Structures are given as structure tokens and as C-alpha cells.
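[1] Got a sequence here, can you model it:
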Amino acid sequence: MHTSPALRDLGIAIGALDASRRASTRACLEPDWPQCVAYRSYSRSLQSLQLQLQTEDVGTGQDVAWTTFLLGVFELMAEPSGTGFAKHMLYGTSKVLQLAGPYAHQSTLQKRLLDAFRVLEANRAILYGDDTFLSESKWSFNNRVTTKQAAVPDPMADIVELMIQTSRFSKQLFQIVEDTPTEKRSTSSAVKALAREGTALDHRITTWNNDSLLESPITDPFTQVSFAYYYALQLFHCRNFTYYSCWETGTVPELSLLETNAYVAAIIDVCDKTIRASNIPGVILLFPLRMAGAHVGFERRGKILKLLQQIYNSGFVVAETIKADLCDFWAFKELESSSKQNR
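    Numbering: from 1, shown residues only. Sure, this is the predicted structure:
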């Protein structure tokens with residue numbers, strides 16, 4: 001970090017922004033001082049990065065990739081909409097990693113960056129419904145691991161890969177069904193192929209769960225988070241099919257009310273334990289909490305809002321957007337339910 005002005009200033013920016021939100025700092029310093037330091041350092045980091053981007057070795061410089069990635073993390077802490085984060089992921093880190101290629105990240109530091117990026121990028125893609133270059137086969141985790149790495153189970157890496165696949169399939173599902181006239185959907189070969197592909201994907205997700213229960217220590221915090229992703233993926237994937245009535249009975253994945261409630265309860269439990277008893281950044285829990293919120297009963301909404309508030313309080317203000325989104329969703333569902341009752 002000491003050899004990279006952009007990284008050095010960014011480290012100061014993140015530290016100052018975090019310090020600006022701590023009660024002890026507010027008590028002994030001017031209220032806005034650490035925040036001013038944070039944004040000045042952030043601005044200097046951006047300026048240094050812009051100079052680096054004019055050089056010819058952008059794709060080979062580890063500091064450039066790390067800088068763009070951490071700029072995105074800063075945005076998650078500073079800006080609630082997530083727009084700045086998405087821009088840094090899409091036009092910063094993504095481009096630098098693609099310039100270097102999937103097999104250029106062999107050092108421990110490079111692997112850590114790629115692994116961290118994959119988690120945040122998978123969450124971004126599935127939450128925002130966006131494309132990601134990680135869905136290309138050459139970037140598949142399974143295509144990049146060595147034989148030695150493959151011998152060691154990595155449930156988090158595998159479930160993130162499934163998140164990327166599920167996100168891509170979701171976009172494909174909505175595009176194909178919407179492009180097919182309503183009266184032709186039930187007989188369309190493309191729609192029927194979607195049902196088969198969706199069932200195969202559901203089988204891969206279920207297989208991950210069965211294998212992980214046998215191979216991985218459930219007490220590991222990251223393994224617990226990977227199971228929260230599993231529950232959220234099941235809710236997300238099966239829900240997508242419920243938006244249309246063109247499927248033949250028994251041909252697409254579905255969850256019973258009992259299974260849905262069990263997954264929601266499990267997500268809440270895992271997220272609660274993770275926030276209370278680990279150092280895992282709460283921002284990677286936003287997708288599971290968003291999916292739990294979309295299926296939760298009225299009596300547990302407060303718990304989900306409380307967990308999102310804790311993530312917000314830990315420094316990731318983007319959690320506020322998920323809270324607002326869920327509140328809007330719940331208001332819509334209540335209005336919809338009231339409308340049906342009055343018919």
C-alpha cells in the first residue's frame with residue numbers, strides 16, 4: 001500500500017469514514033472532521049487512479065484492481081443507493097480483471113481479490129438483475145481451480161458460482177417468456193426448454209446443499225453464510241416461476257409454504273448469528289435478507305428491518321436502500337391483498 005498513492009489515500013478514506021460514525025470520535029472531535037478527511041482522501045485516490053489508468057500496464061497492476069475494488073467498498077459505506085458501487089464494479093474492477101484475464105490471478109493477493117470480487121459481484125448482479133462477465137465459462141470457478149484446490153471443499157465459492165448461474169438464468173427466463181405471446185407460451189418449445197433448464201439448475205443447487213452438509217464444518221462463519229445464500233437462492237429461483245402461469249404442473253421448481261417459511265427462518269437465524277458473532281461484513285448478507293423479506297410473514301418483518309439496521313450501523317449505508325425497497329414491497333402486497341378482499 002505504501003507504494004501506491006491511490007491505495008494509501010483510499011485506506012485513509014475508509015478508515016476516516018468509519019471513524020466518523022463512532023460515538024467516541026464524535027465526542028472528542030469536530031463532528032464533520034473525519035468525514036471531510038474521508039472524502040478528501042477519496043478524491044485524491046480517484047485522481048491518482050485516473051493517472052494510473054493512462055499507463056500501458058493497467059491490466060498487470062495489482063494496485064489498480066485493488067483500488068477500483070475498494071473504491072466500490074467505500075461507496076457501499078458512503079452512498080445508500082448502491083449506484084456508485086455498481087459503477088466501480090462494472091467500469092472499474094471488472095474491466096481491470098478482464099484485461100488481465102482469468103488465469104492471471106495466481107498470487108495469494110490476486111486470488112483474495114478475485115474471491116472477494118466474485119462475492120460482491122454475484123450479489124450485485126442478482127440484486128440489480130444485471131449481467132456480469134463472471135457468467136462467461138472461462139471465468140467459472142470450476143474452470144479455474146487446480147486439482148489441488150479442487151480437493152479442498154469450498155462451499156462459499158461453489159454457492160457464489162450458483163448465484164451467478166441463477167442470476168443469468170433469471171434474466172433469460174424473463175426475456176424469453178416476455179418475448180413469447182401470452183397465448184403461445186404454454187406450447188412454446190423455448191418456454192418448455194426453460195422449465196427443463198430451471199429444473200436442472202434447481203437440482204445443482206440442491207446437490208450443493210447435500211454435498212456441503214456432508215463435507216463442511218457447519219460452525220465455520222463463511223460456511224453458515226453460504227447456507228444463507230442457498231436458502232435465498234431457493235426462494236429466488238422458485239419465485240421467478242410463479243410470475244407466469246404457462247408452466248405445466250410439476251415441470252418447474254416450486255416450494256411449499258412450509259419449506260418457504262423454514263428457509264426464511266433459517267436466513268434470519270444465520271444473519272443474526274453472523275452479525276453478532278463474526279467479523280464478516282454485513283453487506284454480503286443483503287441478498288439473503290432481501291429474499292427473506294420478500295417471503296416473510298408480518299410478524300417477522302421487524303426482525304429483518306432490525307438486522308438491516310445493524311448492517312447500516314456497521315457502516316454500510318446501502319442497507320437503507322434494501323430497507324426502503326422491502327417497505328415499498330410490503331406496502332404493495334398489503335394494498336394488493338386489501339384490493340382482493342374488497343372484490
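
[2] following the top helix by length along the chain, which helix or strand comes up?
    Scanning the chain for the helix with the most residues, using DSSP state H, yields helix 189-215. Once the chain leaves helix 189-215, the next helix or strand it forms, by DSSP states H and E, is helix 221-241.

[3] one step back: list the buried residues for the longest helix of the chain?
    If you call a residue buried by 16 or more other CB atoms under 10 Å, then helix 189-215 has these buried ones: 191, 192, 194, 195, 198, 201, 202, 205, 208, 209, 212. Backbone N, C-alpha and C define where each C-beta goes, glycine included.

[4] and the angle for that helix with helix 221-241?
    160 degrees (axes from the mean of the first three to the mean of the last three CA atoms, to 10 degrees).

[5] gap between helix 189-215 and the chain center?
    Distance of helix 189-215 from its chain centroid, counting by CA atoms, centre = their mean, to the nearest Å, is 20 Å.

[6] So which elements touch that helix?
    helix 155-179, helix 221-241 (3 or more CB pairs under 8 Å, 6 or more residues apart in numbering; DSSP states H and E).

[7] Need these in CSV (columns: mean pLDDT).
    As requested, the helices and strands packed on helix 189-215 are exported to CSV (pLDDT from 0 to 100):
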stretch, mean pLDDT
helix 155-179, 97
helix 221-241, 97
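
[8] mind putting those helices in TSV, mean neighbour count and distance to residue 17 included?
    Formatted as TSV, these follow (neighbours: other CB atoms under 10 Å; distance: least, CB to CB, whole Å):
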stretch	mean neighbour count	distance to residue 17
helix 155-179	19	27
helix 221-241	22	24
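
[9] tell me the mean pLDDT for stretch 133-145?
    Per-residue pLDDT over stretch 133-145 has a mean of 79.

[10] quick one on the thing from earlier: just tell me which of the helices and strands packed on helix 189-215 ends up closest to residue 38.
    helix 221-241 (27.8 Å; CB to CB).

[11] got the angle between that closest one and helix 155-179?
    Per the same axes, to 10 degrees, the angle that helix 221-241 makes with helix 155-179 is 10 degrees.

[12] tell me what helix 221-241 is packed against?
    By 3+ CB pairs under 8 Å, 6+ apart, helix 221-241 packs against helix 155-179, helix 189-215, helix 257-277, helix 286-295.

[13] okay, the angle between the first one and helix 286-295?
    Helix 155-179 runs at 50 degrees relative to helix 286-295, counting by the same axes, to 10 degrees.

[14] Give me the mean pLDDT for the stretch of helix or strand residue 64 belongs to.
    Secondary structure from DSSP H and E places residue 64 in helix 62-78. The average pLDDT within helix 62-78 is 88.

[15] Following the chain onward from it, which element is next?
    With DSSP H and E setting the assignment, the helix or strand that follows helix 62-78 is helix 83-88.

[16] could the helices and strands packed on helix 221-241 go into TSV alongside distance to residue 16?
    Below are the helices and strands packed on helix 221-241 laid out as TSV (distance: least, CB to CB, whole Å):
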stretch	distance to residue 16
helix 155-179	30
helix 189-215	39
helix 257-277	24
helix 286-295	24
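
[17] wait, which of these is closest to residue 132?
    helix 155-179 (6.5 Å).

[18] Centre of the chain to the closest one, how far?
    Relative to the chain's own centre, helix 155-179 is displaced by 13 Å; criterion: CA atoms, centre = their mean.

[19] and if you look at stretch 267-277?
    The answer for stretch 267-277 is 16 Å, by CA atoms, centre = their mean.

[20] now swap in stretch 235-243 and tell me
    18 Å.

[21] Report the separation between residue 138 and residue 246.
    From residue 138 across to residue 246, the span is 34 Å (CB to CB, to the nearest Å).

[22] When those two are compared, which one has more neighbours?
    More neighbours surround residue 246 than the other of residue 138 and residue 246, with 19 against 11 (other CB atoms under 10 Å).

[23] Can you name the residues that contact that one?
    177, 182, 185, 186, 188, 191 (CB atoms under 8 Å, 6 or more residues apart in numbering).

[24] so the residue nearest to the last one when sequence neighbours are not counted, which of the three states?
    Think residue 191. The spatially closest residue to residue 191, leaving aside those adjacent along the chain, is residue 185, at 5.2 Å (CB to CB, 6 or more residues apart in numbering). Recorded secondary structure, residue 185: helix (DSSP: H, G, I helix; E, B strand; the rest coil).
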